[in-house]
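[1] pasted the sequence and its predicted model underneath.
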There are 2 protein chains.
Amino acid sequence: MFKVKKIDVNSAHNLIALINSNEAKELSLNSGDKVKIFNKKTRNHIFCELDIIEDSKKKVCPLNKLEIGLFEHAFEKLNVKEGDLVSISPSNKPKSLEYVKKKFQGYKLKSYEYDEIIMDISTNLYSEIETTFFVLACSIHKLDFKETVYLTQAMVKTGKSLDFSKSDSDIIVDKHCIGGVPNNRTSMLVIPIVAAAGLKIPKTSSRAITSPSGTADTMEILANVSVSLKDMYKIVNEENACLVWGGAFDLSPADDIIIHVEHPLGLDFEVQMIASILSKKKSAGSKKVLIDIPIGPEAKVRDEIHANSLKEKFEKVGKAIGLDIVVILTDGSEVVGNGIGPLLEAIDVLDILSNKPNAPYDLREKALIMSGILFRMAGHVKTRKKGYELAENILTSGKALDKFKAIIKKQGEKKMPDLAKFKEELVCTKNGIITEISIKKLTKLANLLGTPKDKAAGIYIPKKIGDYVKKGEILMTLYSNSEIKLKYALTCLEERCSNIVKID
Amino acid sequence: MFKVKKIDVNSAHNLIALINSNEAKELSLNSGDKVKIFNKKTRNHIFCELDIIEDSKKKVCPLNKLEIGLFEHAFEKLNVKEGDLVSISPSNKPKSLEYVKKKFQGYKLKSYEYDEIIMDISTNLYSEIETTFFVLACSIHKLDFKETVYLTQAMVKTGKSLDFSKSDSDIIVDKHCIGGVPNNRTSMLVIPIVAAAGLKIPKTSSRAITSPSGTADTMEILANVSVSLKDMYKIVNEENACLVWGGAFDLSPADDIIIHVEHPLGLDFEVQMIASILSKKKSAGSKKVLIDIPIGPEAKVRDEIHANSLKEKFEKVGKAIGLDIVVILTDGSEVVGNGIGPLLEAIDVLDILSNKPNAPYDLREKALIMSGILFRMAGHVKTRKKGYELAENILTSGKALDKFKAIIKKQGEKKMPDLAKFKEELVCTKNGIITEISIKKLTKLANLLGTPKDKAAGIYIPKKIGDYVKKGEILMTLYSNSEIKLKYALTCLEERCSNIVKID
């Protein structure tokens, strides 16, 4: 048995355990081996990669005899205390790799085969190499409908299941956007609107990976989003809703590992996306889910044919796992809202909830339509039009703002940061009509300015495609707390914003 | 600039750098980021994965302000001293990933595209996920002849090139077996035989990954095999030959990284194998190379059709990169030699070189044939038969043994270990003729006994397919320095050796 010592090193996604070389020798273990660490007290186990302290006079990371060092992520995941006793044993190659090999060779897999693969991935038994093997096998030989359902169900089975219903009449709804369009913070509007009308909507969101801001990042401007599961239950019981970061809830642990592998490959993993989204909604206890697919030349989905095929898959797989799904196809050709970046997006949201006249019309309209559909799905109204009217009523009456404030208070209110220290206004170089706005370039520009880390960084662009603009008029304003980043972003805009916005 | 501190932790294949969290924040770096570490003095650089020490009162791995910790492997690869100054900067996503994506989508790649991919892999710019992406893209869309040549050439370009020729008349030869058959230690016989006749044969070998012993492991019983490049040149100049471990020479750095990824996938990577073998032979300065493909039901190559197709590829790709290749197809249906495991194999080799009557006949015969072919390739004789006679003459005269002893002395002689402490003789349960010997099961059994780590562990099996055996006669002897391992191995042999050896 080894005594646990915490090593205060953050090794990102890797679970690392560390032992002395003479003990490794005795156990016939080598550095790089996958080992099982078993916590005797809690009977939990995790699989770690083993690093070994070489014999040397000067030890930078000293471990006493029979001590095991656990790097931060491993320490947290095993749920131990320093001094706890754990056992360490070599882990065998996961048997489910044989199924991955079968998939790679083009065979279809059965339900239990997906279950075993996803279970092994979720317990970290797969190395990154092996997870990549699975991801690419599924990418080369696309999963059919049945297999997609199996994969989704396997993800649900390995995750924690939440249940927010107090009685059978409780209708748990949710919404999800597949992403790709800046701002588009409909969640922060739809949730207070439908919650104010009595629907339960326990919303978990993600942080930005490559985008200027995720819903969790924007919400974090106003409130704490890292709440415990216990607090989440409490808030939803009291307010019908919450807007929290979902990363800590283990709703689909394999999915987080798979996404980490998919991300650097830059491929389109449609089936995994469907399984990922629907498994998390199912695990979070939702019954009726509205899914938003933005279509645009630079969005994730480029045309209606692809969007309709994706819509059908969402609906069919959803039905198979017991979810009522409605999919809407929306305009993803430009920014929805005016601000890009956590703070600027939060301001847009507050302006709409406060019914300010200068609030972005498009984002407001989209949120009302979506809320209306959720009312229709829940049976609160007979038609989407009636649903829209109900939503508008709740918004203009100030009830949505009240609900939003109540949610913020329960999650823990935060003081909004100041606007960024440095800004630069870009003006139009000629008269004309805006014919194109590149969301990809806007995203890149926002990231150069410091989003999502610099919460106040970003772009404010109130103009929309079709707007008439005059020479000298302000087209957009760039914000950053770093003068260097602002200057660098400006030099990257060779011809100022003429590449990002086309005026004819 | 950061001051280097060595962290005495062996993190296997991973290059890890460690900095304090406040410095990471200033540089906008996150844990898990790929960073470029630049050594100002030597102007070398490496790409590492970044780990971060979190702020905490108790620091297990303390770094002072502006210190960077390098784990062992990174420290060695960057070739720094403690206290050296290095810079750290975020590394961009490798551009060549676009080519990998193209390959994954089924396109053929050009020469410069392979060059860039292999260069980026060799400098550790690819993550394991990205290297796996490349390996699987090449596996799904097999490389054609041209692409195989491009890949091989790219591997040669990124590796160190050795040159052992003193004059134009110097003929540098080499031999290589694609593996899969236990014992088969022809290198340790062929090298002294052909070197004794004046051919230059600077042999680099590998250690076992999954087999009971690699040539480097067996040679290490008798001599030091980890020699510096300078010493290798000296030994080859004086003795025409050496038998050293090739892992430290960076002959094909990308290849080592690729093999590390291929290994856990358990797939057949034929093209990468050809590129790997031929690039290393080319980099090591060989001109004429004999390649041995054993064929057998449990060998890497199962039938003659496959073997002949592989033979043709070796010859064609070899020719394209300027190597004269001869391929022989040999019997891979059973063990070649009698011992399995480093020590037992070394004993076989010494018995043959010493012309002992009980020396394994099959291994001796194979080594003489191969030596004869090398003599023919080098133009020393007119026919393979004459070559065989020359080889036999050198062997029986004791010249090969003398040459072998000279090589051992130059590399650094080692005292041979004792036979293993524990042994168990397995006897035949009936009279009959041996019809099958499973090399896969023998390999597994040897590994259970402790090979290749326990150098004296292994199996001695003097019987061959076709031999007549009597009930009660010794069939094989198992050796191990661990009584527990020996007992465990025996319990795994449910019906003793009746599964491994079939007697009819």
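    Arrived safely, thanks for sending. Numbering: from 1, shown residues only, chains lettered A, B, ... in the order given.
[2] check the gap between the spatially most central residue of chain A and chain B for me.
    Nearest to the mean C-alpha position of chain A, by Cα atoms, centre = their mean, lies residue A:206 at 2.7 Å. When Cβ to the nearest Cβ, to the nearest Å is applied, the distance between residue A:206 and chain B equals 16 Å. All C-beta atoms are positioned from the backbone trio N, CA, C, and that covers glycine.
[3] and that residue, what pLDDT?
    Reported pLDDT at residue A:206 in the predicted model: 89.
[4] the one 4 residues further on now?
    Per-residue pLDDT puts residue A:210 at 81.
[5] that one looks like it's in a strand, true?
    No: counting by DSSP: H, G, I helix; E, B strand; the rest coil, residue A:210 is not found in a strand; it is coil.
[6] from chain B, how far off is it?
    Distance of residue A:210 to chain B, computed by Cβ to the nearest Cβ: 11 Å.
[7] show me where the stretch 251-400 of chain A has helices.
    Defined through DSSP state H, counting those that start in this stretch, the helices belonging to the stretch 251-400 of chain A, from first to last, are A:253-262, A:270-283, A:304-320, A:342-353, A:361-377, A:384-396, A:399-411.
[8] and the fifth one, what other elements does it pack with?
    In terms of contacts (3 or more Cβ pairs under 8 Å, 6 or more residues apart in numbering or on different chains; DSSP states H and E), helix A:361-377 is packed against strand A:173-177, helix A:187-196, strand A:288-295, strand A:324-331, helix A:342-353, helix A:384-396.
[9] gap between the third one and the chain center?
    Per Cα atoms, centre = their mean, to the nearest Å, the displacement of strand A:288-295 from the mean C-alpha position of its chain is 15 Å.
[10] now do the second one
    Averaging C-alpha positions (Cα atoms, centre = their mean) puts helix A:187-196 19 Å from its chain's average.
[11] does anything pack onto it? Which helices or strands?
    Using 3+ Cβ pairs under 8 Å, 6+ apart as the contact criterion, the secondary-structure elements in contact with helix A:187-196 are strand A:173-177, strand A:201-205, helix A:215-219, strand A:241-245, helix A:342-353, helix A:361-377, helix A:384-396, helix A:399-411.
[12] now whichever helix or strand comes after the last one: buried residues?
    Next helix or strand after helix A:399-411 toward the C-terminus (DSSP states H and E): strand A:422-427. Within strand A:422-427, the residues that qualify as buried by neighbour count (16 or more other Cβ atoms under 10 Å in any protein chain shown) are A:422, A:426.
[13] now do stretch A:25-34
    Applying a neighbour-count criterion of 16+ other Cβ under 10 Å, one finds A:29, A:31-34 buried in stretch A:25-34.
[14] measure it end to end?
    End-to-end distance for stretch A:25-34, by Cα to Cα, to the nearest Å: 15 Å.
[15] quick revisit: a markdown table please, covering the helices and strands packed on helix A:187-196 and showing mean neighbour count.
    Compiled in a markdown table, the helices and strands packed on helix A:187-196 are given as follows (neighbours: other Cβ atoms under 10 Å in any protein chain shown):
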| stretch | mean neighbour count |
| --- | --- |
| strand A:173-177 | 24 |
| strand A:201-205 | 25 |
| helix A:215-219 | 27 |
| strand A:241-245 | 26 |
| helix A:342-353 | 25 |
| helix A:361-377 | 23 |
| helix A:384-396 | 18 |
| helix A:399-411 | 20 |
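[16] so which of the ones you listed comes closest to residue B:72?
    strand A:241-245 (36.7 Å; Cβ to Cβ).
[17] which stretches of chain A aren't confidently modelled?
    Along chain A, the model assigns pLDDT under 70 to residues A:55-61, A:494-498.
[18] and the stretch 151-300 of chain A, which residues reach chain B?
    For the stretch 151-300 of chain A, the contact set with chain B under Cβ under 8 Å from any Cβ of the partner chain comprises A:261, A:264-267.
[19] which among those end up buried?
    Among these, those classed as buried by 16+ other Cβ under 10 Å are A:261, A:264-265.
[20] with distance to residue B:419 added, can I get the residues of the stretch 151-300 of chain A next to chain B in a markdown table?
    Converted to a markdown table, these look like this (distance: Cβ to Cβ, whole Å):
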| residue | distance to residue B:419 |
| --- | --- |
| A:261 | 48 |
| A:264 | 51 |
| A:265 | 52 |
| A:266 | 56 |
| A:267 | 55 |
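[21] circling back to that earlier point, quick check: the farthest pair among the buried residues of stretch A:25-34?
    Using Cβ to Cβ, the buried residues of stretch A:25-34 reach their maximum pairwise distance at A:31 and A:34, which is 11.4 Å.
[22] follow-up on the earlier one: nearest to residue B:182, of the residues of the stretch 151-300 of chain A next to chain B?
    Relative to residue B:182, and with distances defined as Cβ to Cβ, the nearest of those is residue A:261, at 36.4 Å.
[23] residue A:102 versus the closest one, what's the distance?
    Taking Cβ to Cβ, to the nearest Å as the measure, residue A:261 falls 19 Å from residue A:102.
[24] number of nearby residues for the residue in the stretch 351-500 of chain A that chain B sits nearest to?
    Of all residues in the stretch 351-500 of chain A, residue A:453 sits closest to chain B, with a separation of 6.7 Å (Cβ to the nearest Cβ). Taking other Cβ atoms under 10 Å in any protein chain shown as the criterion, the count of residues near residue A:453 is 14.
[25] I figured it hits residue B:29, correct?
    No: the pair residue A:453 / residue B:29 is not scored as a contact, 10.9 Å apart, by Cβ atoms under 8 Å.
[26] touching chain B at all, stretch A:74-86?
    No: judged by Cβ under 8 Å from any Cβ, stretch A:74-86 makes no contact with chain B; its nearest approach is 9.4 Å.
[27] quick check: buried residues in that stretch?
    For stretch A:74-86, the buried set under the neighbour-count rule, 16+ other Cβ under 10 Å, comprises A:74-75, A:77-78, A:80, A:84, A:86.
[28] and it, how far apart are its ends?
    Taking Cα to Cα as the criterion, the two ends of stretch A:74-86 lie 13 Å apart.
[29] so what touches it?
    Residues external to stretch A:74-86 that are found in contact with it (Cβ atoms under 8 Å, 6 or more residues apart in numbering or on different chains): A:1-7, A:15-17, A:37-42, A:44-46, A:48, A:68, A:70, A:124.
[30] rerun that using 7 Å as the cut-off
    Under the criterion Cβ atoms under 7 Å, 6 or more residues apart in numbering or on different chains, residues A:1-6, A:15-17, A:37-42, A:44, A:46, A:48, A:68, A:70 lie in contact with stretch A:74-86.
[31] for stretch A:204-219, same thing?
    When contacts are taken as Cβ under 7 Å, 6+ apart, the neighbours of stretch A:204-219 outside the stretch itself are A:182, A:185, A:187-188, A:225, A:243-247, A:249, A:263, A:284, A:340-342, A:345-346, A:443, A:446-447, A:451-452, A:458.
[32] list buried residues within these.
    Of the members of those, the ones counted as buried by neighbours, 16+ other Cβ under 10 Å, are A:182, A:185, A:187-188, A:225, A:243-246, A:249, A:284, A:340-342, A:345-346, A:443, A:446-447, A:451-452, A:458.
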